[in-house]
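[1] The following block contains a protein sequence and its predicted model.
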Amino acid sequence: MAVAGDSVLMCRQINAKKPNVHLKNRVFGVSVCPRRVCFNAGKLKGNKVRIGVRSAIEMDDKEGLHLLKSFNGSLGFDVVSEGELRKKGFLGLRKTKLVCTIGPACCSLEELEKLALGGMNVARLNMCHNTREWHQDVIRRIKRLNEEKGFCVSVMIDTEGSQIQVVDHGAPSSVKAEDGSIWFFTTEKFEGSRPFTVQSNYESFSEGIKLGDELVIDGGMASFEVIEKIGNDLRCKCTDPGLLLPRAKLSFWRDGKLVGKNDELPTLSTKDWSDIEFGITEGVDFIAMSFVNDADAVKHLKNYLSTKSAGSIRVLAKIESLEALQKLEEIVEASDGIMVARGDLGVEIPLEQIPTVQEKITHVCRQLNKPVIIASQLLESMVEYPTPTRAEVADVSEAVRQYADALMLSGESAIGSYGHKALSVLRMTSSRMELWSHEENRQSVLHQRQLGVSLPDQIAEQICNCAVEMANNLGVDAIFVYTKHGRMASLLSRNRPYPPIFAFTNENSTRMALNLQWGVIPLFVDLSDDMEGNISKSIDLMKTKGIMKQGDAVLVISDVIPSDATPTVFQSIQVKTIA
Ligand SMILES: Nc1ncnc2c1ncn2[C@@H]1O[C@H](COP(=O)(O)OP(=O)(O)O)[C@@H](O)[C@H]1O
Ligand SMILES: C=C(OP(=O)(O)O)C(=O)O
Ligand SMILES: [K+]
Ligand SMILES: [Mg+2]
């Protein structure tokens, strides 16, 4: 009747009397497991309900053959999530993840610990700045804090990329360009500063540039007109006065369009490759690739990482150019996550387009199930001031309302005097907006675009969609998911459920990667092949620790990985009420 590879949707209630099985859309009233019988989907009684899909029908009771391996008795909670849970309860847990750029202002062990306590989920190291030794020290400090103090902070390195359009006026702080003043943009390298002179980091920065073209600093901070070309250097007149910051970004415009962008430079420079080697050696969790222009660059890095046995490092593509926007879907599909790098993006597209582009990228990422970080200038004024502007708080709130997975601090934490405070502004603003969205029931319906190409992928996706609907409708306190590579956890997160998702995994790289996913609290545990055993042990531990109490309801999703004992995949949803 059925052959290996056929799928069957099984709705069963343990100890129920009347069995039914749906096979290829027909209902078969057969008893499938000697130990358990099936029941009709409509009869949801008691507190143990299972809805499962089995690929390859194995009607004998192989599950009974499982050897019970021991659960090591500890719950791999990080101190911050556990503390927050005790203080605020399940529904009070923050869903939006927070990324902090580490710089001189926050690189000491004490400052890093403060950020970890303040809710930093991921520490970002921008390889544009500082020395290899400095980065190594920071990474080791973070790992030490994780090990010794029970934090779970992931490490991200961000490549420098071939940024051809960076300029420096030599002084440590900003310089004002007055209206009508004449400036010299040169590739000559010199120490210190010269009046009205700006160095470009790239020899051919002025290739193809004509007299009359507009030179724009940092996407509009100041503008100049090119009035003379001397070799590769340019003499320019300030037409729109403003500030030149150190390492400001430069672009050229003609007739309202960007010109002079050099597409021939590789996405990863020689220095980037050596930074990547460094990242592999230091065991970083994420590599953010600057100036990705197509999917090939991402695929290339991912292939390289696999050959280096570093395939567990997640590759994030930074969307910060017009080219990237034009190939958005293929880039999102190829990468493990996306950063909306608004800093450079604002140089390449008109600023007024940033909000809609951000929303579009966020939407595409959710459709394709990839985490997305909103980055740059979220609380820029806090680099100098102890309170944010109202507009900045509104911007952060909007990113949370769009259901971005994560928010990022740049200079606010790296060089600002109020990094810790900026982090608490992100924390409080996101918690407030999450609560508002929940209360107003603003969960936008996600028009599911089917991701899975193979049947198992589609099954996992559908199970997670249904599970979240059930969790929301039943008002359970938490969702538990047992996951090796994090796939089921991210498919649940994609549906942005009300209850928090506790993702139990025995892979450390999965735990660290899930740190970036909306609403997921990753827990490192020793999982055995006996899924029922894993579930009851984790619930018992939660109870013993006083985190869960009688009457709490949990929706449990398990995804049994095929093993020699059970060559079948079995995914299931159960609702458990704590006895
Ligand atoms: N590791 C570091 N060492 C020194 N300064 C840093 C470091 N990381 C970041 N910064 C400072 O913080 C600012 C904001 O960080 P970021 O947004 O990552 O870089 P950028 O401004 O170069 O795009 C940088 O301009 C730089 O001044
Ligand atoms: C995050 C960004 O990249 P970087 O800070 O490396 O320029 C950005 O451009 O917004
Ligand atoms: K960078
Ligand atoms: Mg950038």
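    Here it is on my side, so go on. As the structure is a computational prediction, the values presented were derived from the model and not from experiment. Ligands and ions are numbered 1, 2, ... in the order given.

[2] what secondary structure does residue 473 sit in?
    Using DSSP: H, G, I helix; E, B strand; the rest coil, the structure places residue 473 in helix.

[3] neighbours of it, just the number please.
    For residue 473, the neighbour count with other Cβ atoms under 10 Å is 9. Using the backbone N, CA and C atoms, a C-beta is placed for each residue, glycine as well.

[4] contacting residues around the closest residue to ligand 4 within the stretch 301-450 of the chain?
    The stretch 301-450 of the chain approaches ligand 4 most closely through residue 344 (3.6 Å), counting by Cβ to the ion. Taking Cβ atoms under 8 Å, 6 or more residues apart in numbering as the contact definition, residue 344 lies against 249, 290-291, 318, 320-321.

[5] what's the spacing between residue 501 and residue 351?
    Look at residue 501 and residue 351: by Cβ to Cβ, to the nearest Å, they are 36 Å apart.

[6] neighbour-wise, which of those two wins?
    residue 501 (31 against 12).

[7] got a list of what the more buried one touches?
    Counting by Cβ under 8 Å, 6+ apart, residue 501 has contacts 478-479, 481, 489, 492-493, 519-521.

[8] Now pLDDT, distance to residue 455 and secondary structure too, for these, in a markdown table please.
    Converted to a markdown table, the contacts of residue 501 look like this (pLDDT from 0 to 100; distance: Cβ to Cβ, whole Å; DSSP: H, G, I helix; E, B strand; the rest coil):
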| residue | pLDDT | distance to residue 455 | secondary structure |
| --- | --- | --- | --- |
| 478 | 96 | 29 | strand |
| 479 | 97 | 24 | strand |
| 481 | 96 | 20 | strand |
| 489 | 96 | 20 | helix |
| 492 | 97 | 19 | helix |
| 493 | 97 | 22 | helix |
| 519 | 98 | 27 | coil |
| 520 | 98 | 25 | strand |
| 521 | 96 | 30 | strand |
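
[9] these two touch, right, residue 149 and residue 110?
    No: assessed by Cβ atoms under 8 Å, residue 149 is found out of contact with residue 110, at 11.8 Å.

[10] Of the two, give the one with the bigger neighbour count.
    A count of neighbours by other Cβ under 10 Å puts residue 149 above the other of residue 149 and residue 110, at 14 against 8.

[11] which residues sit in contact with that one?
    Contacts of residue 149 by Cβ under 8 Å, 6+ apart are 79, 113, 116.

[12] Name the residue of the stretch 151-300 of the chain that lies nearest to ligand 4.
    Counting by Cβ to the ion, the stretch 151-300 of the chain gets nearest to ligand 4 through residue 290 (5.6 Å).

[13] what sits against the closest residue to that residue other than its chain neighbours?
    Sequence neighbours aside, residue 161 is the residue nearest to residue 290 in space, at 3.1 Å (criterion: Cβ to Cβ, 6 or more residues apart in numbering). By Cβ under 8 Å, 6+ apart, the contact set of residue 161 is 267-269, 272, 289-291.

[14] quick one: which of the residues you listed has the most company?
    That'd be residue 291 among these, by other Cβ under 10 Å, with 27 neighbours.

[15] From residue 571, how far off is it?
    Distance from residue 291 to residue 571, counting by Cβ to Cβ: 39 Å.

[16] Same check on residue 342?
    Relative to residue 571, residue 342 is positioned 38 Å away (Cβ to Cβ).

[17] between these two, who's got more neighbours?
    Applying other Cβ under 10 Å to residue 342 and residue 571 shows that residue 342 carries more neighbours, namely 24 against 21.

[18] ok, now which ones touch the nearest residue to that one once chain neighbours are set aside?
    Among residues not flanking residue 342 along the chain, residue 376 sits closest, at 4.1 Å (Cβ to Cβ, 6+ apart). Shown in contact with residue 376 (Cβ under 8 Å, 6+ apart): 341-343, 346, 408, 410.

[19] and if we set it to 7 Å?
    Applying Cβ atoms under 7 Å, 6 or more residues apart in numbering to residue 376 gives the contacts 341-343, 410.

[20] Check residue 184 too.
    By Cβ under 7 Å, 6+ apart, residue 184 lies in contact with 196-197, 233, 235.

[21] pLDDT at it, what is it?
    Looking at residue 184, its pLDDT reads 94.

[22] My read is that residue 348 contacts residue 321, right?
    Yes: proximity of residue 348 to residue 321 meets the contact threshold set by Cβ atoms under 7 Å, at 5.3 Å.

[23] In terms of neighbours, single out the busier of those two.
    Taking neighbours as other Cβ under 10 Å, residue 348 and residue 321 compare with residue 321 leading, 23 against 20.

[24] isn't the more buried one right next to residue 289, touching?
    No: using Cβ under 7 Å, residue 321 makes no contact with residue 289, being 11.8 Å away.

[25] tell me which parts of the protein are close to ligand 3?
    Within the chain, the residues that sit near ligand 3 (Cβ under 5 Å from the ion) are 126, 128, 158, 290.

[26] what number of residues lie near the third one?
    Using other Cβ under 10 Å, residue 158 has 24 other residues around it.

[27] sorry, back to before: show me what contacts the residue of the stretch 151-300 of the chain closest to ligand 4?
    Contacts of residue 290 by Cβ under 7 Å, 6+ apart are 158-161, 318, 320.

[28] Contacts for the helix or strand hosting residue 288, please.
    Per DSSP states H and E, residue 288 falls inside strand 286-289. The list of residues contacting strand 286-289 from outside it, by Cβ under 7 Å, 6+ apart, reads 122, 154, 156-159, 267, 276, 279, 297-298, 301, 313-318, 339.

[29] so how far is residue 301 from the residue in the stretch 251-400 of the chain positioned nearest to ligand 3?
    As assessed by Cβ to the ion, ligand 3 sits closest to residue 290 within the stretch 251-400 of the chain, at 4.5 Å. Residue 290 is 12 Å from residue 301, where distance means Cβ to Cβ.

[30] before we move on, what about residue 386?
    Plainly put, residue 386 is 39 Å away from residue 301 if you go by Cβ to Cβ.

[31] With neighbour numbers in mind, choose between these two.
    Ranked by neighbour count (other Cβ under 10 Å), residue 386 and residue 301 place residue 301 first, with 24 against 11.

[32] The residue nearest to that one when sequence neighbours are not counted - how many residues pack around it?
    In this structure, residue 301 finds its nearest non-sequential neighbour in residue 315, 5.4 Å apart by Cβ to Cβ, 6+ apart. When counting by other Cβ under 10 Å, one arrives at 23 neighbours for residue 315.

[33] what's the spacing between residue 315 and residue 371?
    Using Cβ to Cβ, residue 315 is found at 12 Å from residue 371.

[34] chain center to stretch 512-521: distance?
    7 Å (Cα atoms, centre = their mean, to the nearest Å).

[35] And it, what's buried?
    Under the neighbour-count criterion of 16 or more other Cβ atoms under 10 Å, stretch 512-521 has 512-521 buried.

[36] With stretch 424-438 instead?
    Result for stretch 424-438 [16+ other Cβ under 10 Å]: buried residues 425-427, 429-431, 433-434, 437.

[37] What is the nearest of those residues to residue 173?
    residue 425 (24.5 Å; Cβ to Cβ).

[38] so what's that closest one up against?
    So residue 425 contacts 379, 388 (Cβ under 7 Å, 6+ apart).

[39] Am I right that it is in a strand?
    No: secondary structure of residue 425, determined by three-state DSSP: helix, with no strand assignment.

[40] and the protein, what are its domains?
    Using automatic domain parsing, the domain parsing of the chain gives 7-60, 91-162+271-439, 166-259, 448-577.

[41] Just put these in TSV and tack on distance to residue 85.
    Converted to TSV, the domains of the chain look like this (distance: least, Cβ to Cβ, whole Å):
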stretch	distance to residue 85
domain 7-60	22
domain 91-162+271-439	6
domain 166-259	41
domain 448-577	6
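
[42] ranking these by mean pLDDT, which is last?
    Among those, domain 7-60 scores lowest, with a mean of 39.

[43] Give me the buried positions along stretch 121-132.
    By 16+ other Cβ under 10 Å, the buried positions in stretch 121-132 come out as 121-127, 129-130.

[44] which bits of the stretch 251-400 of the chain sit near ligand 4?
    320, 341, 343-344.
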